[in-house]
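A.B. asks: Sequence and computational prediction follow.
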Amino acid sequence: MLSHEETMALISRAQHGDEEASTILLTENAPLLKSIIKRYLGKHIEYDDLYQIASIGLLKSIKNFSYEHNVRFSTYAVPMILGEIKRYMRDDGYLKVSRSLKSLSSKITKYVDEQIKNDGENPTVEEIARHFGIEPTEVVFAMDATRLPVSLYESTNDSDGKQTELIEHLPTDEDKKMLDKLILKDMLSKLSPREQKIVVLRYFRDMTQGEIARKLGVSQVQISRLETKILKKLKELYEETD
């Protein structure tokens, strides 16, 4: 593995257009990429495709990394790699979160809240990792897995008014969109295959009731009645999520 100093030197070269430096960083960080993508195997996506997407995330991390982030490169890179994989997998639905990750995330959240209460400051990712005896990347995994993203780069004032890099527990717009999608997918899964098809054709492919009726071999009146029934059912399902 590269030392911190070697990594920083290669990043500087890569950011100035040195492709060999980028290649070395990709090669040396292969264990990190593999540790990330193994969590997403078994989702009907080829290993090579996942590795390629993870590599894109790493290259973006190399391009955007700055000394001012005040974190190790691997800690900075993990959220960006995860983001690339999520964007790629978005159309395939959400990923189930293990109980152990949920439990760890809950413990981390509790610990962070206690530190803020006692010290008036958010602990860094490295401090959280030391407290729980885990790697910093595991901290990011746990927080990300439960849709509580960790922002490593947000500047905020501590109790002394000093600007520092802190963990943020605020969901982003992308997380809210993802949550909406999860709710919608769960609701659609509770419809019959025929009802699901009508919803997809009507609201995702913008087909008229007449077009759907011809496609399914029924009358437009039947489609109209079915659509009313489906919308009522979806509304009830949505209200149950509140």
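C.D. replies: That came through, no problem.
A.B. asks: Only C-alpha atoms from now on, for both contacts and neighbour counts.
C.D. replies: OK.
A.B. asks: where do the helices sit along this structure?
C.D. replies: With DSSP state H as the criterion, the chain has helices at 4-15, 19-28, 30-37, 47-64, 73-89, 99-119, 125-132, 136-145, 173-189, 193-199, 209-216, 220-241.
A.B. asks: For the fourth one, list every residue counted as buried.
C.D. replies: Right, the one you point to is helix 47-64. Buried residues in helix 47-64, counting neighbours by 16 or more other Cα atoms under 10 Å, are found at 47, 50-51, 53-59, 61-63.
A.B. asks: which one of those is nearest Y76?
C.D. replies: S61 (7.2 Å; Cα to Cα).
A.B. asks: Look up the pLDDT of that closest one for me, please.
C.D. replies: Looking at S61, its pLDDT reads 90.
A.B. asks: Same question for D92.
C.D. replies: Confidence at D92, expressed as pLDDT, is 48.
A.B. asks: right, and E121 touches Y111 too?
C.D. replies: No. At 11.7 Å, E121 does not count as touching Y111 under the criterion of Cα atoms under 8 Å.
A.B. asks: In terms of packing, which of the two has more residues around it?
C.D. replies: Neighbour count, other Cα atoms under 10 Å: between E121 and Y111, E121 has more, with 20 against 17.
A.B. asks: The helices of the chain: lowest mean pLDDT?
C.D. replies: What stands lowest among the helices of the chain, in mean pLDDT terms, is helix 173-189, with a mean of 60.
A.B. asks: The residue at the greatest distance from the centre of the chain and I212: what is the separation?
C.D. replies: Within the chain, S219 marks the point farthest from the mean C-alpha position, 42.9 Å out by Cα atoms, centre = their mean. For S219, the distance to I212 equals 9 Å [Cα to Cα, to the nearest Å].
A.B. asks: just L82 next, same as before
C.D. replies: As for L82, its distance to I212 is 38 Å (criterion: Cα to Cα).
A.B. asks: more crowded one of these two?
C.D. replies: When neighbours are counted by other Cα under 10 Å, L82 comes out ahead of the other of L82 and I212, with 22 against 19.
A.B. asks: is it true that that one touches A54?
C.D. replies: Yes. Under the criterion of Cα under 8 Å, L82 makes contact with A54 at 7.5 Å.
A.B. asks: one step back: the closest residue to the residue farthest from the centre of the chain other than its chain neighbours: neighbour count?
C.D. replies: The shortest distance from S219 to any residue other than its chain neighbours is 5.4 Å, reached at A213 (Cα to Cα, 6 or more residues apart in numbering). Per other Cα under 10 Å, the neighbour tally for A213 reads 18.
A.B. asks: now swap in S192 and tell me
C.D. replies: Counted with other Cα under 10 Å, the neighbours of S192 add up to 11.
A.B. asks: Need phi/psi at it.
C.D. replies: Here is the backbone geometry of S192 (degrees, to the nearest 10): phi -70, psi 160.
A.B. asks: Equivalent analysis for G133, please.
C.D. replies: Main-chain dihedrals, G133, degrees, to the nearest 10: phi 70, psi 40.
A.B. asks: Distance of it relative to A30?
C.D. replies: Distance, G133 to A30, by Cα to Cα: 23 Å.
A.B. asks: Between the two, which is the more surrounded one?
C.D. replies: Neighbour comparison, G133 and A30: the larger count goes to A30, with 16 against 9 (by other Cα under 10 Å).
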